[in-house]
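Student: what shape does this take:
(chains A and B)
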There are 2 protein chains.
Amino acid sequence: MSIETLSEQSEKAYALLKEDANKIVKLIEVQMTNLTMPQCPLYEEVLDTQMFGLSREIDFAIRLKLVSEDDGKLILNELERRLSALHDATMRAKEANG
Amino acid sequence: MSIETLSEQSEKAYALLKEDANKIVKLIEVQMTNLTMPQCPLYEEVLDTQMFGLSREIDFAIRLKLVSEDDGKLILNELERRLSALHDATMRAKEANG
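Tutor: The predicted structure is shown next:
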């Protein structure tokens, strides 16, 4: 198997995963800037669904050996860190307004 | 790009997608044979979630040009046909027991 071809496919796979991860980052950022607005109760469900979809894509790419397990975990961990920060900020905003 | 390499990766991707589709088929079959048992209200949600996950994997494989759009659609259409048959059978069982 040509190493170059495999590496091209891997780069493409990684770029697509980062693209999808960035869409979730955007969703988180929108929610972050709207903390003081009336809460949309569905945002957690939307984010959960998107995270699940991305984790399935990453798992698929790992099974195809296009992305390493470590790289896949890094993408998800970074998003989980942001989600956790959003969760904390939401709690603080509730307390401040409550 | 070596045609052989790309075709190997495509075959592997298609095999993985069929493997995941078959897991959903198994879930549908289990539900089909348990129609007369007390209904589990979560089965529709579980199946929906699994279908969403698979559709994201298929979309990812199509974007990587590992699977054609037609092949991807065939896998999902076949599952949707089975889900629809399960839905009909569930309705009939409810009417018969109701």
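Student: pLDDT score for A:Thr5?
Tutor: A:Thr5 is assigned 75 on the pLDDT scale.
Student: now the nearest residue in space to it that is not next to it in sequence: which helix or strand?
Tutor: Counting by C-beta to C-beta, 6 or more residues apart in numbering or on different chains, B:Thr5 is the residue found nearest to A:Thr5 once chain neighbours are left out, at 4.6 Å. (Glycine included, C-beta is placed from N, CA and C.) Assessed by DSSP states H and E, B:Thr5 sits inside helix B:3-33.
Student: show the subsequent helix or strand relative to that helix.
Tutor: Assigned by DSSP H and E, the successor of helix B:3-33 is helix B:43-63.
Student: which parts of chain A sit against chain B?
Tutor: Listed as neighbours of chain B in chain A under the rule C-beta under 8 Å from any C-beta of the partner chain: A:1-2, A:5-6, A:8-9, A:12-13, A:16, A:49, A:52-54, A:56-57, A:60-61, A:63-64, A:66.
Student: repeat that for 7 Å
Tutor: Within chain A, the residues that sit near chain B (C-beta under 7 Å from any C-beta of the partner chain) are A:1-2, A:5-6, A:8-9, A:12-13, A:16, A:52-53, A:56-57, A:60, A:63-64.
Student: tell me the two of those residues that are most distant?
Tutor: The most widely separated members of the residues of chain A next to chain B, counting by C-beta to C-beta, are A:Ser2 and A:Phe52 (34.0 Å).
Student: which parts of the helix or strand bottoming out on mean pLDDT in chain A are buried?
Tutor: When the helices and strands of chain A are scored by mean pLDDT, DSSP states H and E, helix A:3-33 comes last with a mean of 89. Using 16 or more other C-beta atoms under 10 Å in any protein chain shown as the test for burial, helix A:3-33 gives A:5-6, A:9-10, A:13-14, A:16-17, A:20-21, A:24, A:27-28, A:31.
Student: can you tell me which of those is nearest chain B?
Tutor: Of all the buried residues of helix A:3-33, chain B sits closest to A:Thr5, with 4.6 Å by C-beta to the nearest C-beta.
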